[in-house]
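**Q** model this:
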Amino acid sequence: MNGMPKGHRPAWLAVGLALVLAGAGRADYLESFKAGIRAKNFHQWPQLVSAMRQAIAQQPQATGENVPIYSNYVVQYLPHYFLGLGLFRQGEWLEAAKAFQEAQAQGTVRGLYRGRMEFFQEVCSRHLEGTRQMPLPVPPARANPVRPNPPPPVQKPIEVVRDALDKAEHEGRDWLKRGANLVRDLKAKGRTDPDLLAVAESRLQTADFQLDGCRREGDLEGVERARDNAHAAYEILDELVKGR
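**A** Residues are numbered from 1 along each chain as shown. Okay, here's the model as predicted:
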């Protein structure tokens, strides 16, 4: 037809088809991820696990991109972390540990997510020690693709750094206080998961020590990490109080 050899596709058609397929693949993994997050919000752990496994099959790399779940609610694309969360909530300690290890190896879990993940990893290790089933060694973080060297960081004025340190320390102290109150409430009510509570107390104590040391040294990153750890411990204790 139109003088075109039979079976021959113009280059623009092949490129267009590739783009359509790529877009469909992206839509597939994002839809799976969205379904998993919605299941998480209703504490439907088996559905969360199933949806995250589908997303991983379609896009195994945690891109960290912000995925809109609802109109004003976005969640970073961290499928291995959320897979681990779903497995953890079902008491599948070894499989959860493996999922968290993969999330850690990809190197995209940061901030509060990282604090929560490390908390869950400690609880998994305690359970696995009790059953003599140790998780695999944590693999090193994978190197990112080679990129041009970034420009040197801009030195912030000392006043700005001091203000950031004060703010992060204040927030960290608040989370520590609130977390300690929850620990006392849980012990008084006798509603405790012994392993989870032990890890929470340990991480709160460590965060307290880190806040002191890093603040004295002017280590803003260290203070923010300690704040995130205290915040993560508080959130998980709060979920325990509410029976989630």
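**Q** Alpha carbons only: can I get the helix or strand where Ala97 lies in CSV?
**A** Following DSSP states H and E, one finds Ala97 within helix 93-106. Extracted C-alpha coordinates of helix 93-106, given in CSV (Å, rounded to 0.1, in the frame of the first residue of the first chain):
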residue,chain,number,x,y,z
TRP,A,93,10.2,-12.1,59.6
LEU,A,94,12.7,-13.7,57.2
GLU,A,95,10.9,-12.6,54.1
ALA,A,96,10.5,-9.1,55.5
ALA,A,97,14.2,-9.0,56.4
LYS,A,98,15.0,-9.9,52.8
ALA,A,99,12.7,-7.2,51.4
PHE,A,100,14.2,-4.5,53.7
GLN,A,101,17.7,-5.6,52.7
GLU,A,102,16.9,-5.1,49.1
ALA,A,103,15.4,-1.7,49.9
GLN,A,104,18.6,-0.8,51.8
ALA,A,105,20.8,-2.0,49.0
GLN,A,106,19.1,0.2,46.5
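**Q** After the helix or strand bottoming out on mean pLDDT in the chain, which helix or strand is next?
**A** Least confident element among the helices and strands of the chain, by mean pLDDT, DSSP states H and E: helix 11-41 (a mean of 69). Using DSSP H and E, the helix or strand that follows helix 11-41 in sequence is helix 45-58.
**Q** Going by neighbour count, which residues in that next one are buried?
**A** Neighbour counts over helix 45-58 (16 or more other C-beta atoms under 10 Å) mark Trp45, Gln47, Leu48, Val49, Ser50, Ala51, Met52, Arg53, Gln54, Ala55, Ile56, Gln58 as buried. Backbone N, C-alpha and C define where each C-beta goes, glycine included.
**Q** what does the helix or strand harbouring Glu221 rub up against?
**A** If you go by DSSP H and E, Glu221 is part of helix 220-241. Helix 220-241 has contacts (C-beta atoms under 8 Å, 6 or more residues apart in numbering) with 111-112, 114-116, 118-119, 161, 164-165, 168-169, 171-172, 175-176, 178-179, 182-183, 185-186, 191-193, 196-197, 200, 203-204, 206-208, 210-211, 213-215.
**Q** how about it: buried residues?
**A** For helix 220-241, by 16+ other C-beta under 10 Å, it's 220, 222-237, 240.
**Q** Export only the CA atoms of it, formatted as PDB.
**A** What follows is helix 220-241 as a C-alpha-only set of coordinates in PDB (Å, rounded to 0.1, in the frame of the first residue of the first chain):
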ATOM      1  CA  LEU A 220      23.500  18.700  61.300                       C
ATOM      2  CA  GLU A 221      23.100  15.500  59.300                       C
ATOM      3  CA  GLY A 222      23.700  13.400  62.500                       C
ATOM      4  CA  VAL A 223      21.100  15.500  64.400                       C
ATOM      5  CA  GLU A 224      18.600  15.100  61.700                       C
ATOM      6  CA  ARG A 225      19.200  11.300  61.500                       C
ATOM      7  CA  ALA A 226      18.700  11.000  65.300                       C
ATOM      8  CA  ARG A 227      15.500  13.100  65.000                       C
ATOM      9  CA  ASP A 228      14.200  10.800  62.300                       C
ATOM     10  CA  ASN A 229      15.000   7.700  64.400                       C
ATOM     11  CA  ALA A 230      13.100   9.100  67.400                       C
ATOM     12  CA  HIS A 231      10.200  10.100  65.200                       C
ATOM     13  CA  ALA A 232      10.100   6.600  63.700                       C
ATOM     14  CA  ALA A 233      10.100   5.000  67.100                       C
ATOM     15  CA  TYR A 234       7.300   7.200  68.300                       C
ATOM     16  CA  GLU A 235       5.200   6.500  65.200                       C
ATOM     17  CA  ILE A 236       5.500   2.700  65.600                       C
ATOM     18  CA  LEU A 237       4.800   2.900  69.300                       C
ATOM     19  CA  ASP A 238       1.700   5.000  68.600                       C
ATOM     20  CA  GLU A 239       0.500   2.300  66.100                       C
ATOM     21  CA  LEU A 240       1.000  -0.300  68.800                       C
ATOM     22  CA  VAL A 241      -1.000   1.700  71.300                       C
END
